[in-house]
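Novice: structure, please.
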Amino acid sequence: MPDWLERLKKERDDLAEKTEKLHSFLTEVERDDEKRKRFDGWQLHLMKMQFDHMLAYLQILNLRIEDVE
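Specialist: Next comes the predicted model:
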């Protein structure tokens, strides 16, 4: 396996882990009134936007890996 493909897979795996952690956090904030109060609407909105972009990037990395394999 070429070095660049190994690095791409590591990047994908790292991003997948971070995406899952953010998703868990957002789910927790949505379910917990006390935690939701700690974030104003704008910060929560930005985190949701970040999550959406992370998912899109993750999909692109997966497509690149699939194309090579």
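Novice: does residue 48 touch residue 26 like I think?
Specialist: Yes - contact criterion CB atoms under 8 Å: residue 48 and residue 26 qualify, at 6.5 Å. Where C-beta positions appear, they are placed from N, C-alpha and C, glycine not excepted.
Novice: neighbours around residue 29, how many?
Specialist: Neighbours of residue 29 under the rule other CB atoms under 10 Å: 19.
Novice: tell me how far the closest residue to it other than its chain neighbours lies from residue 17.
Specialist: Leaving aside its sequence neighbours, residue 29 sits nearest to residue 35 (CB to CB, 6 or more residues apart in numbering; 4.7 Å). From residue 35 over to residue 17 the distance is 21 Å, taken as CB to CB, to the nearest Å.
Novice: do residue 67 as well
Specialist: For residue 67 relative to residue 17 (CB to CB), the value is 23 Å.
Novice: next: residue 5.
Specialist: Taking CB to CB, one finds residue 5 at 19 Å from residue 17.
Novice: if you count what's nearby, which of the two comes out ahead?
Specialist: residue 5 (13 against 10).
Novice: so that one sits right up against residue 66, yeah?
Specialist: No - assessed by CB under 8 Å, residue 5 is found out of contact with residue 66, at 11.5 Å.
Novice: for the residue nearest the centre of the chain, what are its contacts?
Specialist: Per CA atoms, centre = their mean, the C-alpha nearest to the average position across the chain is that of residue 19, at 2.3 Å. Residue 19 sits next to 51, 54, 55, 58 when contact means CB atoms under 8 Å, 6 or more residues apart in numbering.
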